[in-house]
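Enquirer: need coordinates for the below:
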Amino acid sequence: MSKPVLVILSNHAELGGKPNGTYWPELTHALHVLDEAGLAWELASPKGGPVPGYGADADPLTVRLLSSPRFAEALANTRPLAEVDPAAYAAVFYPGGYGLLFDLVEDKDSQRLSAAIYDRGGVIAAVCHGPAALAEVTLGDGRRLVDGRQVTGFTVEEEQAMKTLELIPFVLEQRLLNSGAVYRKRKAWQALVVEDDRVITGQNPGSAKGVGEALAARLRG
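Expert: Residues are numbered from 1 along each chain as shown. Below you'll find the model as predicted:
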């Protein structure tokens, strides 16, 4: 059994005055793949404790997993990032949702953990808005994690379709480009998973299962 995957979630609970946080289907569909592959995972967040989210009734899988005692307990008791030892984990996974644009992007503990796990040979995965948490990660050799690396994430066209451009602190696509990434995308709402060495990113909610599959494949060798 390999070390578990560290799943980092946001504590930010609203967008434009409406409930927000983690978009649950991006969490459930990826973690279901890890469960099916026999891979362990643990949840953490900047503050620890319960985490907010939305989309609980988006699809039957999400409804089923969120109603299970195991998931409910995990979501109510996330570990504070400051208490997490990166040596205990084989990978990091950031599901999306708008919440992380407001806390995880600048969170030093999140950056520290992702850098340390990658520098130890681990895998970094993120989907939809999740890649925003990678933009400011600096590795031990001083390079940014995404600099020169092919990545994807929620596109400006998808933000336009959601009418969220006036509500978010920055546009993810541009933030990744500003950090040196080679940004890839497909038409809005088409699934896309991009792998570049040990960094796996997905464009949108429909890419969450694919990101989970790519992560599981990496961890199982």
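
Enquirer: SS state for the residue sitting furthest away from the middle of the chain?
Expert: With distances taken as CA atoms, centre = their mean, the residue sitting farthest from the centre of the chain turns out to be Asp141, at 23.5 Å. When classified by DSSP: H, G, I helix; E, B strand; the rest coil, Asp141 comes out as coil.

Enquirer: next, it: phi, psi?
Expert: Here is the backbone geometry of Asp141 (degrees, to the nearest 10): phi -90, psi 10.

Enquirer: and the pLDDT at it?
Expert: Looking at Asp141, its pLDDT reads 97.

Enquirer: now do it against Asp119, distance only.
Expert: 8 Å (CB to CB, to the nearest Å). Using the backbone N, CA and C atoms, a C-beta is placed for each residue, glycine as well.

Enquirer: helix or strand for the nearest residue to Tyr89 once chain neighbours are set aside, which one?
Expert: Setting aside the residues directly before and after it, Tyr89 is nearest to Leu6 in space (CB to CB, 6 or more residues apart in numbering), at 4.2 Å. Here Leu6 sits within strand 5-8, counting by DSSP states H and E.

Enquirer: show which residues not belonging to that strand make contact with it.
Expert: 27, 31, 34, 39-45, 81, 84, 86, 88-95, 104, 110, 113, 117, 133, 215, 219 (CB atoms under 8 Å, 6 or more residues apart in numbering).

Enquirer: please flag which of those sit within helices.
Expert: 27, 31, 34, 110, 113, 117, 215, 219 (DSSP state H).

Enquirer: wait, the last one touches Ala90, no?
Expert: Yes - with contact taken as CB atoms under 8 Å, Leu219 and Ala90 are classed as touching, separated by 5.8 Å.

Enquirer: tell me who's in contact with Glu159.
Expert: By CB under 8 Å, 6+ apart, the neighbours of Glu159 are 165, 168, 171-172.

Enquirer: can you check Leu192 too?
Expert: Applying CB under 8 Å, 6+ apart, the residues near Leu192 are 152, 184-186, 202-204, 207.

Enquirer: next: Leu145.
Expert: Leu145 touches 114-115, 118, 124, 134, 137-139, 199, counting by CB under 8 Å, 6+ apart.

Enquirer: switch to 6 Å and redo it
Expert: Contact analysis of Leu145 by CB atoms under 6 Å, 6 or more residues apart in numbering lists 134, 137, 139.

Enquirer: now the closest residue to Leu192 other than its chain neighbours: phi and psi?
Expert: Beyond its immediate neighbours in the sequence, the residue positioned closest to Leu192 (CB to CB, 6+ apart) is Gln203, lying 4.1 Å away. Phi and psi for Gln203, reported as degrees, to the nearest 10, are phi -70, psi -40.

Enquirer: I figured Gln203 was touching Thr152, is that so?
Expert: Yes - Gln203 is within contact range of Thr152, at 4.5 Å (criterion: CB atoms under 6 Å).

Enquirer: which parts of the helix or strand encompassing Pro25 are buried?
Expert: Using DSSP H and E, Pro25 maps to helix 24-36. Buried residues in helix 24-36, counted by 16 or more other CB atoms under 10 Å: 24-34.

Enquirer: neighbours of the spatially closest residue to Gly180 that is not a sequence neighbour, how many?
Expert: Excluding the flanking residues, the one nearest Gly180 by CB to CB, 6+ apart is Asp147, at 3.5 Å. Number of residues near Asp147 (other CB atoms under 10 Å) recorded here: 13.
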